[in-house]
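# Could you look at this predicted model? Sequence included:
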There are 2 protein chains.
Amino acid sequence: MEDVARLAGVSSITVSRVLNHPDKVAESTRERVMAAVEATGYIPNSVAGSLASRRTRVIGALVPTITNSIFADTIDGLTDVLTPAGYQLLLGATGYSLREESRLVGAILAQRPAGLLATGLQHESQGLTLLRTTDIPIVETWNVDGDPVDMAVGFSNFEACRAMVATLARRGARRIGFVSAPTTANDRAEQRLRGYRHAVRELGLDTDARLEREAKFSFHAGAERLVEMIAERPDVEAIFFANDILAIGALFECQRRGIRVPEDLAIAGFDDVELAAQVNPGLTTVRIPRYRIGREAARMILRRLEGERVEPRVLDLGFEIVERQSTPAGT
Amino acid sequence: MEDVARLAGVSSITVSRVLNHPDKVAESTRERVMAAVEATGYIPNSVAGSLASRRTRVIGALVPTITNSIFADTIDGLTDVLTPAGYQLLLGATGYSLREESRLVGAILAQRPAGLLATGLQHESQGLTLLRTTDIPIVETWNVDGDPVDMAVGFSNFEACRAMVATLARRGARRIGFVSAPTTANDRAEQRLRGYRHAVRELGLDTDARLEREAKFSFHAGAERLVEMIAERPDVEAIFFANDILAIGALFECQRRGIRVPEDLAIAGFDDVELAAQVNPGLTTVRIPRYRIGREAARMILRRLEGERVEPRVLDLGFEIVERQSTPAGT
DNA sequence: CGCCGTAATGTTAGCGCTTTCAGTAACACC
DNA sequence: GGTGTTACTGAAAGCGCTAACATTACGGCG
């Protein structure tokens, strides 16, 4: 920066101003400085800048895994808002471990981000303390059933599952199975399971424990649980899977076994991934605002960084039941 | 940090040492300092630390989009190596724009990352200059057909496509269509197309331009190109899609239209996404080391950061033709 | 005509750490 | 007992910027 200043015949603070507050510099000076920046190939040092100004242009984001496209969509929404605003993304993957989340929260906060996005409302006490102590805007995502540390944006996993069970029941099913995602360190999965259980009781449906299982996130696991469940409860009428990947894995298994969907068995998923609309039959599922979660989270953070108050602190973006051909049509 | 030092009855430099070089501090002191760190809830300021030490624990990564799972897998491999080594990920999505890539390279370099991962060997001159000028380790990924700025890890898209066409031809197809991904700002797609063209000529197959189309990345586009191609060239025997998503979109369209795969038409994809093995019939495709690309890229960067020389600078991880049921079986 | 507001630029200090060099103490060795 | 060696701790300087205040020039205004 010293070099640039010398070449342009100004002091270094003027160079700094040209780069950060161009309107506070005379146009002729600005041009001279910009030319000098080009000529020297100067790349500003944001590390030094951040230290001096005590703020960074970095937003931290913590997701369980970026390998699951639903989180990739949220990150996508986040960057689509952040990038034009001049912010960059510091990404961490917790691998569904609250221990690892705490560690990453510490590591990310050490970078003094301007804001932070987390997934879920559930945290380890250590991480929670860190989140509470810091004064940057924090948005927890993918869940609105609980108390956020600061702000939250998402939808009710509980209500979404309850609504899907109600839809299946309305189409005539009384024996509805549920395949949950692992609920440890995953409040979204836990609430989906609770939503199912609540609905089954509420509607007086079959509550046999054999209609409930857990599966890791994979096509294969969905197929396996399907096979197990129809072996133990051949009379099951519909199986609701906690995510589309499981459901589609099961759907493919039905294709292979000649089980007719939805005539012999109805299948429903959760997430409405792009694939859900493409498979044959199309998958009935819950559409959730994955991309918008990221977008709105970014907006909330930015608004706070601009000094505005953000109300409400919990933003429920809702969900939508999408009925396709994998469940019986309405009459 | 001042507070911690006072509480522990040491100077601030000792606190710094406890945090960064714990082995250079007496155990009793270390314990006292750690207790003080806990008590005060001190979170080190990496920004200041980085400025003073002139190095960060951040690695930049540029991908076209994180929404495509193949890049998510590469990022996954990257973080799996980087995180245990104490590095964090600064992620940028270029949206397949070289202009945007240049901008992001500048923004990321301003953060003074310890290393940088880019996707592809193709860059705009402005971004290329930045990459060349900087002295941090840089790995270009997903392509080894060309000259890297620094290091590269990936496979030959050209040879992979050539090999798939040869496989299809070996199974009897003479009229093989190709659906390319958009080739602008995407050297990988471009080389896949060139590999197809080369193979078709080399093997004396049908070179009709109507057997060649382009499609954006979606199931839907794959289905559309399929429909168009069989309308214009009803005698096409096999269609090779530049990625699995296109191929699977086409496969689903065949299911809907009652086109038997592979009896009426063979279908092949590229990438071997998890879904490719699940669909019915299973998709013949090219398996590529998506995850390992990220892993090896991280390893190369880390080795360089430890002062080692890295040879070779271009690491070809190869590919593998995976024949499933969407193409005719061997005899 | 002096005063004051405004625009443009510069001076000074310091952000919170780490590097470098120095210093102290304890111990072994010839 | 002087010297070297190892282990530990500290003082001073400064990383490359920006915030806050200072300065200069200029023109409008009572």
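Looks like it came in fine. Given the structure is predicted, the values throughout are model-derived calculations rather than measurements.
# so what's the backbone phi/psi at residue A:218?
phi -170, psi 160 (degrees, to the nearest 10).
# ugh, typo on my part, it should be residue A:54
phi 60, psi 30.
# Quick check: closest non-adjacent residue to it.
The spatially closest residue to residue A:54, leaving aside those adjacent along the chain, is residue A:112, at 8.0 Å (C-beta to C-beta, 6 or more residues apart in numbering or on different chains). To be clear about C-beta, it is placed using only N, CA and C from the backbone, and glycine gets the same treatment.
# so what's that neighbour up against?
Going by C-beta atoms under 8 Å, 6 or more residues apart in numbering or on different chains, residue A:112 touches A:50, A:54, A:55, A:56, A:58, B:45, B:46, B:47.
# Grab the nearest non-local neighbour of the fourth one.
Going back to what we said before, that points to residue A:56. Spatial nearest neighbour of residue A:56, chain neighbours left out: residue A:50 (4.5 Å); criterion: C-beta to C-beta, 6+ apart.
# With the third one instead?
Closest residue in space to residue A:55, ignoring its immediate chain neighbours: residue A:114 at 6.1 Å, by C-beta to C-beta, 6+ apart.
# now swap in the fifth one and tell me
Nearest non-adjacent residue to residue A:58, counting by C-beta to C-beta, 6+ apart: residue A:113, 4.7 Å away.
# Now for residue A:166: which residues touch it?
Contacts of residue A:166 (C-beta under 8 Å, 6+ apart): A:199, A:203.
# try 10 Å
A:199, A:202, A:203, A:205, A:321 (C-beta atoms under 10 Å, 6 or more residues apart in numbering or on different chains).
# The closest residue in space to residue A:272 that isn't next to it in sequence: how many residues sit nearby?
Nearest residue to residue A:272, sequence neighbours excluded (C-beta to C-beta, 6+ apart): residue A:287, at 3.9 Å. Residues within reach of residue A:287, counting by other C-beta atoms under 10 Å in any protein chain shown, total 17.
# and what of the one 5 residues further on?
With neighbours defined by other C-beta under 10 Å, the count for residue A:292 comes to 19.
# Report pLDDT for it.
Confidence at residue A:292, expressed as pLDDT, is 98.
# I'd say residue A:47 and residue B:110 touch.
Yes. At 8.5 Å, residue A:47 and residue B:110 qualify as touching, with contact defined as C-beta atoms under 10 Å.
# Between those two, which has more neighbouring residues?
Between residue A:47 and residue B:110, counted using other C-beta under 10 Å, residue A:47 has the larger neighbour count: 23 against 16.
# so what's the more buried one up against?
Contact analysis of residue A:47 by C-beta under 10 Å, 6+ apart lists A:56, B:46-52, B:54-56, B:58, B:110-112.
# Kindly report the same for residue A:223.
A:215, A:246, A:248, A:249, A:250, A:251, A:252, A:253, A:254, A:256, A:257, B:278.
# nearest spatial neighbour of it, skipping sequence neighbours?
residue A:253 (3.7 Å).
# and if you look at residue A:322?
Spatial nearest neighbour of residue A:322, excluding adjacent residues (C-beta to C-beta, 6+ apart): residue A:287 at 4.9 Å.
# just to revisit the earlier point, distance of the residue nearest to residue A:55 from residue B:58?
Counting by C-beta to C-beta, to the nearest Å, the gap from residue A:114 to residue B:58 is 15 Å.
# Residue numbers of chain A in contact with DNA strand D?
Contact residues, chain A versus DNA strand D (C-beta under 7 Å from any atom of the strand): A:1-2, A:12-13, A:15-16, A:19-20, A:42, A:44-45, A:48-49, A:51-53.
# From those residues, list the ones also adjacent to DNA strand C.
A:12, A:13, A:48, A:51, A:52.
# can you pull the contacts of the residue nearest to the first one when sequence neighbours are not counted?
Just to be clear, that refers to residue A:12. Using C-beta to C-beta, 6+ apart and skipping residues adjacent in sequence, the residue nearest residue A:12 is residue A:5, 4.4 Å away. Shown in contact with residue A:5 (C-beta under 10 Å, 6+ apart): A:11, A:12, A:13, A:14, A:15, A:16, A:18, A:33, A:36, A:42.
# at 6 Å instead, please
Residue A:5 makes contacts with A:11, A:12, A:15, as judged by C-beta atoms under 6 Å, 6 or more residues apart in numbering or on different chains.
# Buried ones among these?
In the contacts of residue A:5, burial by neighbour count holds for residue A:15, counting by 16 or more other C-beta atoms under 10 Å in any protein chain shown.
# would you list the contacts of residue A:5 in TSV and tack on distance to residue A:160, secondary structure and pLDDT?
Shown next, in TSV, are those (distance: C-beta to C-beta, whole Å; DSSP: H, G, I helix; E, B strand; the rest coil; pLDDT from 0 to 100):
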residue	distance to residue A:160	secondary structure	pLDDT
A:11	59	coil	90
A:12	56	helix	92
A:15	53	helix	93
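# which one among the contacts of residue A:5 gets closest to DNA strand D?
Distance to DNA strand D across the contacts of residue A:5 (C-beta to the nearest atom of the strand) is lowest for residue A:12, with 5.1 Å.
# which ones are touching the closest one?
With C-beta under 6 Å, 6+ apart, residue A:12 has these contacts: A:1, A:2, A:5.
# Helices of the stretch 151-300 of chain A, start to end?
For the stretch 151-300 of chain A, the helices defined by DSSP state H, counting those that start in this stretch occupy A:157-170, A:187-202, A:219-232, A:244-257, A:290-305.
# Now do the third one and helix A:244-257, the angle between them.
Looking back up the chat, that one is helix A:219-232. Angle, helix A:219-232 to helix A:244-257, by axes from the mean of the first three to the mean of the last three C-alpha atoms, to 10 degrees: 60 degrees.
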